[in-house]
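> Sequence plus predicted model, see below.
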Amino acid sequence: MEKREFRAESKRLLDLMINSIYTHKEIFLRELISNSSDAIDKLYYKSLTDKSLDFNKKDFYIDISIDKNNRTLSILDTGIGMTKDELEENLGVIAKSGSFAFKNENRSIEDIDIIGQFGVGFYSAFMVADTVTVISKALGSDDAYKWKSSGADGYTIEKADKDTIGTEIILNIKSNTEDEYYDDFLDEYNIRNIIKRYSDFIRYPIKMELTKSKLKEGSQDEFEEYKEEETINSMVPIWRKNKNELTDEDYENFYQEKHYGFDKPLRSIHLSMDGLISYNSILFIPSKAPYDFYTKEYEKGLELYSSGVLIMEKCPELIPDYFSFVKGVVDSEDLSLNISREILQHDRQLKLIAKKIEEKIKDELKLMLEKDREKYEEFYNNFGNQLKYGIYSDFGIHKEVLQDLLMFYSSKEKKMITLKEYVENMPEDQKYIYYATGDSIDRIDKLPQTELVKDKGYEILYFVEDIDEFAIKMLMKYEDKEFKSVSSGDLGLETDEDKEKEKAEIEENKDLFSAMKSLLEGKVVDVRPSKRLKNHPVCLSSEGELSIEMEKVLNMMPDNPELKADKVLEINLHHDIFNRLKLAYEEDSEKFNLYTNLLYNQGLLIEGLSIEDPIEFSNNICKLM
Ligand SMILES: Nc1ncnc2c1ncn2[C@@H]1O[C@H](COP(=O)(O)OP(=O)(O)OP(=O)(O)O)[C@@H](O)[C@H]1O
């Protein structure tokens, strides 16, 4: 038998194939099964145009078998087969794709779904096999041929025995090496899992004989093994089915099967898009955040399929960070894949799909917010912070998408409200959207700084999450209304009369305040009469961009930036304590020092900050007692 050589370029290419194109060896099975599926497709399309061909759907299948003793894995299909010339042309020349040519010649057939295009997939078999044998009988041919190759040194073709049309590929699996355990490719369950992972939605049945065990007849505890043929793949993916035929339960089952989570999804979105780029997609909004959701380990992304074949398990480009909780799949025939089918050549198509997906998720969330508030709040409890991170991390670029999805606790309504609802409830004379920050709703409720704003009858949004104030600072405004912290220097509530009064008060107590300020040098930037306090004697507020709450959050970060808010100690001049302070200032400087120190520390405690010197603080209390 004459041995033929691969053409020169092919030799080098083959070496490339085996060593560098694919990152996972198991991909070879995806490639061979895709070829089989293409071959069956071709026969099927031929039978549509040639009425003399009489095929039954059940005649079309792919069969996988393992022979451990002989170390072979075989893939048999009932497809169109290859003539001697085709074996030579398609398998003897790397990068020659009979499938690509077929697709071009049959453009008129609608819905043509051939997978192959590059003419290289077949050679991935050499990643796991030292010899590959192909026995094929083509449609309309009387003879069958056997193509055999052990890699770069060439291949042989000879006549063979095969009764039925189709192709059988027999791989002699390599022996184990120190680095690679090739026996995995002779393991039934591993092979079954690889098929499930990559080829679950190949539209012809992929059959395989599986070893199972059952109770021996007449025995209670003795088991025996037996073989049973199973169809491994699900064939029709749920996302290709008509929405009207599917129930909530179908979607929930799919969610569980895919291990997207242990919860029941809150919402499922099913898209079937045609146009510039066609694709099907099913997206889920989970009801619970996975345990690692807010950690670095969490990986976002959707499963990406091309014509039913898995390309990527988590394609991050399909989902923006702020919707990273969304799970699901996208399947499109219109993707430009690279040669290994592992990555995409252009991301133009992906960008188009991602844009639509983002819109759909936003619409679905808005709809949930409007029509099913309880569910939305459940969602928001789990994933609200992610939306806020979205606003913060992109410098507010995505605020149009996100701002109407935000919710905060309202001092008036005593429940979560949206920014839109807040603005709608604002009395005409109210200029700002007021907020207060703290560890919990209870704590903010008791915050002295809220007294004046509440007194005015204005609503306050409670920020209890670390991210809240940072996100809002990025938003700056909502519907032209600026956000204002109840602790900020100027609350925008003063009348000219108030301003005059304050000026006079400062002037009157000028010396006292400056004495306090110098006692608290380095701790506060100013000491002033308070405009916002009603019943409490003292509080701390801040000047400038960095609030006290933001200082707390930043100081908790691992690379602690040591940033400090510019704090102002505010004194309630109408509180009895102020009279005593005044008296001490006039008569007893030691007492005045103690009072100043105590009031400052009270301010820290109310803000949830720790006292710098607790021993001194408790000694001071004792002294006064
Ligand atoms: N099981 C098969 N039955 C019939 N023809 C086959 C079979 N396997 C491969 N071929 C032929 O060999 C050609 C080369 O296959 P190969 O897998 O290398 O590339 P491809 O499938 O065309 O493209 P891709 O690299 O994108 O997979 C195919 O185009 C097809 O014509």
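Cool, the structure landed.
> What is the neighbour count of the residue of the stretch 501-625 of the chain at minimum distance from the ligand?
Closest residue of the stretch 501-625 of the chain to the ligand, Cβ to the nearest ligand atom: residue 558 (46.7 Å). All C-beta atoms are positioned from the backbone trio N, CA, C, and that covers glycine. Residues lying near residue 558 (other Cβ atoms under 10 Å) number 4.
> again with residue 371
If you count neighbours by other Cβ under 10 Å, residue 371 ends up with 9.
> hang on, residue 605 packs against residue 617?
No. Here residue 605 lies out of contact with residue 617, judged by Cβ atoms under 8 Å, at a distance of 9.3 Å.
> neighbour-wise, which of the two wins?
Per other Cβ under 10 Å, whichever of residue 605 and residue 617 has more neighbours is residue 617, with 18 against 12.
> Quick one: the helices in the stretch 351-500 of the chain, in order.
373-393, 399-402, 419-425, 441-445, 451-455, 466-475, 496-508 (DSSP state H, counting those that start in this stretch).
> Need the overlap of contacts for residue 605 and residue 617.
Shared contacts of residue 605 and residue 617 (Cβ atoms under 8 Å, 6 or more residues apart in numbering): residue 611.
> The residue of the stretch 151-300 of the chain found nearest the ligand and residue 127, how far apart?
Among the residues of the stretch 151-300 of the chain, residue 167 lies nearest to the ligand; the distance is 3.9 Å by Cβ to the nearest ligand atom. Here the criterion is Cβ to Cβ, to the nearest Å. By it, residue 167 lies 20 Å from residue 127.
> So those two - more neighbours on which side?
Higher neighbour count among residue 167 and residue 127: residue 167, with 26 against 21, using other Cβ under 10 Å.
> So for residue 508, what pLDDT did the model give?
Looking at residue 508, its pLDDT reads 88.
> Number of residues surrounding it?
12.
> same deal with residue 599?
For residue 599, the neighbour count with other Cβ under 10 Å is 22.
> Which residue comes closest to it once chain neighbours are left out?
Excluding the flanking residues, the one nearest residue 599 by Cβ to Cβ, 6 or more residues apart in numbering is residue 538, at 4.7 Å.
> Surely the one you found touches residue 602?
Yes. With contact defined as Cβ under 8 Å, residue 538 reaches residue 602; the gap is 5.5 Å.
> For this protein, give me the ranges with low pLDDT.
Within the chain, the stretches with pLDDT under 70 are 1-2, 5-13, 17, 93-96, 107-113, 118-119, 339, 343-346, 559-561.
> The ligand contacts on that one?
Contact residues, the chain versus the ligand (Cβ under 6 Å from any ligand atom): 31, 35-36, 39, 77, 79-80, 82, 90-91, 97-100, 116-122, 167.
> which residues sit in contact with the residue nearest to residue 477 when sequence neighbours are not counted?
Nearest residue to residue 477 in three dimensions, chain neighbours excluded: residue 483, at 7.2 Å (Cβ to Cβ, 6+ apart). Residue 483 makes contact with 432, 433, 434, 435, 472, 473, 475, 476, 477 under the criterion Cβ under 8 Å, 6+ apart.
> and those residues, which are buried?
Buried residues within these, counting neighbours by 16 or more other Cβ atoms under 10 Å: 432, 433, 434, 435, 472, 473, 475.
> which among those residues gets closest to the ligand?
Checking those one by one against the ligand (Cβ to the nearest ligand atom), the nearest turns out to be residue 475, at 47.8 Å.
> where does the nearest residue to residue 334 once chain neighbours are set aside land in three-state SS?
With sequence-adjacent residues excluded and distances taken as Cβ to Cβ, 6+ apart, residue 334 is closest to residue 277, at 4.6 Å. Secondary structure state of residue 277, per DSSP: H, G, I helix; E, B strand; the rest coil, is coil.
> since we're on residue 277, how many residues are nearby?
With other Cβ under 10 Å as criterion, residue 277 counts 16.
> Can you show me the helices along the stretch 1-150 of the chain?
8-16, 27-49, 84-86, 92, 98-105.
> The second one: which residues count as buried?
The neighbour-count check on helix 27-49 (16+ other Cβ under 10 Å) flags 27-47 as buried.
> May I have that helix as CSV, with CA atoms only?
What follows is helix 27-49, C-alpha atoms only, in CSV (Å, rounded to 0.1, in the frame of the first residue of the first chain):
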residue,chain,number,x,y,z
ILE,A,27,-12.4,19.6,22.7
PHE,A,28,-11.5,16.9,20.1
LEU,A,29,-14.8,15.2,20.9
ARG,A,30,-16.8,18.3,20.3
GLU,A,31,-15.0,18.7,16.9
LEU,A,32,-15.6,15.1,15.8
ILE,A,33,-19.2,15.1,16.9
SER,A,34,-19.8,18.5,15.1
ASN,A,35,-18.4,16.9,11.9
SER,A,36,-20.7,14.0,12.3
SER,A,37,-23.6,16.3,12.8
ASP,A,38,-22.6,18.3,9.7
ALA,A,39,-22.4,15.0,7.7
ILE,A,40,-25.9,14.1,8.8
ASP,A,41,-27.2,17.6,8.0
LYS,A,42,-25.8,17.3,4.5
LEU,A,43,-27.6,14.0,3.9
TYR,A,44,-30.7,15.5,5.3
TYR,A,45,-30.5,18.6,3.0
LYS,A,46,-29.8,16.3,0.0
SER,A,47,-32.9,14.3,0.9
LEU,A,48,-35.0,17.5,0.8
THR,A,49,-34.0,18.2,-2.8
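> which ones are touching residue 288?
Contacts for residue 288 (Cβ under 8 Å, 6+ apart) come out as 261, 262, 263, 382.
> now residue 99
By Cβ under 8 Å, 6+ apart, the neighbours of residue 99 are 35, 38, 42, 114, 115, 116, 117, 119.
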